[in-house]
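Participant: Here is my input, please return the structure:
(2 chains)
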Amino acid sequence: MIMYGSAIELFIIIVCASLLLAITFWKRRAPARLREIPALTRLSRAIGLSVEDGTRLHISLGHGGLLGSLGGSALAALAILRGIAEKTSVSDRPAVASAGDPALGLLTQDTIQAGFQASGVGELYTNTTGRVTGLSPFGYAAGAMHITANENVSANIMLGNFGPEASLLADASDRENVVVIGASNDLIGQSVLFASSQDALIGEELFAAGAYIGTGASHVASLTVQDILRWVIALVLLAGAFLKFAGMI
Amino acid sequence: MRVINAIIAIAFGILILAGYFFQLAAGLQAVLLEFAIILAGAAALVGVFNILFVHADKIRRREKGSIYSAALITFLVATLIFGVIVPPQHRLMQLLVDAVLLPVEAALMGVLTITLLYAAVRLLRRRLDVMSMVFLLTAVLVVFGSATLPFGNMPLFSNLRTWVSQVLALGGARGILIGVALGTLTTGLRVLFGMDRPYGGN
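Facilitator: Below is the predicted model of the structure:
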């Protein structure tokens, strides 16, 4: 028996799941057309440059755990890490990832290894490329700053859950002339990254990055599903406001 | 092995999700989440060993900044041994937290205020556009509207700050949070369908 009040949520999930599956199959045939987001263009360029000039990318995944509501941003960041690991695995200095949550740190190692295996160089993987740098937000930032300063990093890609401590990481990158590309699901983190990075990613653009670096048709389909749902929510909000204004509710 | 991993992950994901909607699966969901919490606790220990291995490797390779790695390992091992010998509520353990950990975090918080101010100053140099100017003007407005000024409060700034934070910022924040929620939903569904496999595999 369905719990009281949960039927609408279940209906939304079923509709989203059906849309995601249908659009994924459709997007596999039709090429995706995506609007330009400067930060994600810079990200693609940074990936190519790091392989060419033998520098390293540092992907910071924040300190969001997987068990709570912050897990979504962590999973989205892992999907992007997978794509980056695959593209940079043949580099002299492959990408290094840091996490502020132990479970996320374990998945980081697994994801990087999968990226190496996918590009046929699984034997080059070393487990020190996925790191847990600290267990508190500031502890994590302090450990991640150390990577930026000491490991010939050319771009610091911050994707996940970051609070105000993102400013410390961005400042450390700036002092080393390292490009900063950042997106957080936290509002404070977003405002800090807006002020600290060359091109800011706002709101759900964190979840769009996977589609832009070519991680698969399902990521492009996710964007389309999000757009459809956003329109539906906007229309429902407008209809609600109109009905309230008309005194009907 | 990859297929088995995916089947286990998808099956348990569906069971957890079903627990939110069906009374029948709610009990099983609670048990599975308890298992997940225990596993996350074990992962914390693995995380500590990861820190140890990474920094030991840095010392072995004599990398730049390895002196800090040596300091980190020394204090990590010393604290670990000390923590095993004395209970967490012991006076000396509390002293370690109050005299070392808290001041260091507070110092980082202090540095944070300076870096934020510095970032705001550099924002216009880095990205001179309308949004950057609106961002900075809003920040200045909120600071003047909130701070206690030596010559008394300015009601105009205070009223404007309230309007900006209660109307404009709140509306914008809700829009952003709706976007984040939609992104989280589709990301979760991708994992549930095995399209994204953060647990390894292609």
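
Participant: Low-confidence ranges, the chain, go.
Facilitator: Using chain A here. Where chain A drops to pLDDT under 70, the residues are A:1-5.

Participant: my bad, chain B
Facilitator: Within chain B, the stretches falling below the threshold (pLDDT under 70) are B:200-202.

Participant: Name the residue most distant from the centre of it?
Facilitator: Residue distances from the centre of chain B (C-alpha atoms, centre = their mean) peak at residue B:151, which lies 39.0 Å from the mean C-alpha position.

Participant: that's a strand at that residue, yeah?
Facilitator: No. Counting by DSSP: H, G, I helix; E, B strand; the rest coil, residue B:151 is not found in a strand; it is coil.

Participant: Need the phi and psi values for it.
Facilitator: The main-chain torsion angles of residue B:151 are listed as degrees, to the nearest 10 and equal phi -100, psi 20.

Participant: One more: the one 4 residues further on?
Facilitator: For residue B:155, the backbone dihedrals (degrees, to the nearest 10) come out as phi -60, psi -30.

Participant: Does residue 116 lie in a helix or a strand, and which?
Facilitator: Picking chain A for this. Taking DSSP states H and E as the definition, one finds residue A:116 inside helix A:102-118.

Participant: Chain B, not that one
Facilitator: In this assignment (DSSP H and E), residue B:116 forms part of helix B:102-126.

Participant: So is that helix next to chain A?
Facilitator: Yes. Helix B:102-126 lies in contact with chain A when judged by C-beta under 8 Å from any C-beta of the partner chain; the contacting residues are B:104-105, B:108-109, B:111-112, B:115-116, B:118-120, B:122-123, B:126. From N, CA and C alone the C-beta is placed, and that goes for glycine too.

Participant: picking that back up, toward the C-terminus, what is the element adjacent to the helix holding residue A:116?
Facilitator: strand A:130-132.

Participant: can that following strand be found next to chain B?
Facilitator: Yes. On the criterion C-beta under 8 Å from any C-beta, strand A:130-132 is in touch with chain B at A:130-132.

Participant: Now for residue 83: which residues touch it?
Facilitator: Because you didn't say which chain, this covers chain A. Residues in contact with residue A:83, defined by C-beta atoms under 8 Å, 6 or more residues apart in numbering or on different chains, are A:115, A:210, A:213-215.

Participant: hm, I was asking about chain B
Facilitator: Residues touching residue B:83, when contacts are defined by C-beta under 8 Å, 6+ apart, comprise residue B:93.

Participant: Among the residues of helix B:102-126 next to chain A, which one has the most neighbours?
Facilitator: Among the residues of helix B:102-126 next to chain A, residue B:115 has the most neighbours (other C-beta atoms under 10 Å in any protein chain shown), with 23 neighbours.

Participant: Verify the stated contact: that residue with residue A:171.
Facilitator: Yes. Shown here, residue B:115 and residue A:171 form a contact pair, counting by C-beta atoms under 8 Å, at 4.2 Å.

Participant: Can you show me the strands along chain A?
Facilitator: A:56-62, A:96-99, A:130-132, A:153-161, A:179-184, A:199-200 (DSSP state E).

Participant: most packed of those strands?
Facilitator: Ranked by average neighbour count under the criterion mean count of other C-beta atoms under 10 Å in any protein chain shown, those are headed by strand A:96-99 at a mean of 30.

Participant: Skip the chain neighbours and tell me the closest residue to residue A:214.
Facilitator: Closest residue in space to residue A:214, ignoring its immediate chain neighbours: residue A:83 at 6.6 Å, by C-beta to C-beta, 6 or more residues apart in numbering or on different chains.

Participant: gap between that neighbour and chain B?
Facilitator: The gap separating residue A:83 from chain B is 11 Å, by C-beta to the nearest C-beta, to the nearest Å.

Participant: Show me the helices in the chain, by range?
Facilitator: In the absence of a named chain, this looks at chain A. Counting by DSSP state H, one finds helices in chain A at the ranges A:7-29, A:38-53, A:71-88, A:102-118, A:137-150, A:166-175, A:187-196, A:205-212, A:217-245.

Participant: let's do chain B instead
Facilitator: Under DSSP H, chain B gives helices at B:2-21, B:23-60, B:66-85, B:91-96, B:102-126, B:130-146, B:155-163, B:169-192.

Participant: Take those and write them to a markdown table, including distance to residue A:29.
Facilitator: Supplementary listing: the helices of chain B in a markdown table, determined by distance: least, C-beta to C-beta, whole Å:
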| stretch | distance to residue A:29 |
| --- | --- |
| helix B:2-21 | 24 |
| helix B:23-60 | 37 |
| helix B:66-85 | 51 |
| helix B:91-96 | 61 |
| helix B:102-126 | 41 |
| helix B:130-146 | 37 |
| helix B:155-163 | 50 |
| helix B:169-192 | 19 |
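
Participant: quick one: which of these is nearest residue A:152?
Facilitator: Taking C-beta to C-beta as the criterion, helix B:23-60 is the member of these that comes nearest to residue A:152, at 13.5 Å.

Participant: That closest one versus helix A:137-150: what angle between them?
Facilitator: Between helix B:23-60 and helix A:137-150, the angle comes out at 40 degrees (axes from the mean of the first three to the mean of the last three C-alpha atoms, to 10 degrees).

Participant: Helix B:23-60 vs chain A: in contact?
Facilitator: Yes. In terms of C-beta under 8 Å from any C-beta, part of helix B:23-60 sits within range of chain A, namely B:23-24, B:33, B:36-37, B:39-40, B:43-48, B:50-51, B:53-54, B:57.

Participant: now that helix against helix A:102-118, angle please.
Facilitator: With the same axes, to 10 degrees defining the directions, helix B:23-60 sits at 70 degrees from helix A:102-118.

Participant: on that earlier part again, nearest to residue A:15, of the helices of chain B?
Facilitator: From those, taking C-beta to C-beta, the stretch that ends up closest is helix B:169-192, at 10.8 Å.

Participant: re earlier: now which of the contacts of residue A:83 would you call buried?
Facilitator: A:115, A:210, A:213, A:215 (16 or more other C-beta atoms under 10 Å in any protein chain shown).

Participant: So what does residue A:120 have for phi and psi?
Facilitator: Taking degrees, to the nearest 10, you get phi 80, psi 20 for the backbone angles of residue A:120.

Participant: mind listing what the residue sitting nearest the centre point of chain A touches?
Facilitator: Centrality entry for chain A: nearest residue to the mean C-alpha point is residue A:77, 3.3 Å, by C-alpha atoms, centre = their mean. When contacts are counted by C-beta under 8 Å, 6+ apart, residue A:77 touches A:59, A:61-62, A:159-160, A:206.

Participant: Please go through these and note which also touch chain B.
Facilitator: Restricting the contacts of residue A:77 to contacts with chain B (C-beta under 8 Å from any C-beta) yields residue A:206.

Participant: Tell me the one of the contacts of residue A:77 nearest residue A:192?
Facilitator: Sorting these by how near they are to residue A:192, with C-beta to C-beta, puts residue A:62 at the top with 12.3 Å.
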